[in-house]
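> Okay, here's the prediction I keep looking at, along with the sequence it came from:
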Amino acid sequence: RLHDELTKMEEQALDVRVRMESMDKANTESKEGWKRDIEFHKSVAKNLQVAIDAKETQLQELREAHSERHRQSVDEATKLADYEKEKDERLLSILRGGLELFKKAEERLKKLGESIDL
């Protein structure tokens, strides 16, 4: 009877040991699974950050290029406006000069007409 009790206790101890080993194995597998999940999430987060950084750099370059094109457009528009202004000022100067010549010619004609006594 004592032998049966000892055998039963040994079986229970073996059963407990098997369960403990099984729990340790499951716990280890669970820890490894968590570690894999954490590493995967870290990897995804790192890849997302790289993509975000690249997109922000691209957007900044686009902003700078747009700003440069805008500045060039403004510069070109200013140069064109300056050219048009100079052209108009020269034309106005020519017209004023022509008007002065016309007035002088008109005065001469009047004086000539008076001297002829028309």
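Alright, I've got the coordinates. What you are looking at is a predicted structure, and each value in this text was computed from that prediction instead of being measured.

> any weak-confidence spans in this structure?
117-118 (pLDDT under 70).

> just the helices in it please.
For the chain, the helices defined by DSSP state H occupy 2-116.

> any idea which residue sits dead centre in it?
Taking Cα atoms, centre = their mean, the centroid of the chain lies closest to residue 59, which sits 1.4 Å from it.

> do you know how far that one is from residue 66?
Distance of residue 59 to residue 66, given as Cβ to Cβ, to the nearest Å: 10 Å. The way it works is simple: take the backbone N, C-alpha and C, and place the C-beta from them, glycine included.

> what's around residue 71, how many residues?
Residues lying near residue 71 (other Cβ atoms under 10 Å) number 10.

> Roughly how far does it sit from residue 77?
Per Cβ to Cβ, residue 71 is found 11 Å from residue 77.

> what's the answer for residue 24, then?
Going from residue 24 to residue 77 by Cβ to Cβ gives 78 Å.

> What of residue 94?
26 Å.

> Same question for residue 58.
Using Cβ to Cβ, residue 58 is found at 28 Å from residue 77.

> What of residue 62?
Residue 62 sits 22 Å away from residue 77, taking Cβ to Cβ as the criterion.

> repeat for residue 116
Residue 116 is 57 Å from residue 77, by Cβ to Cβ.

> more neighbours, the two?
Remark: of residue 116 and residue 77, residue 77 carries more neighbours, 10 against 7, as counted by other Cβ under 10 Å.

> which residues touch the more buried one?
Listed by Cβ atoms under 8 Å, 6 or more residues apart in numbering, the contact set of residue 77 is empty.

> any idea how far residue 35 lies from residue 28?
10 Å.

> Count the residues that sit near residue 100.
Neighbourhood size, residue 100 [other Cβ under 10 Å]: 10.
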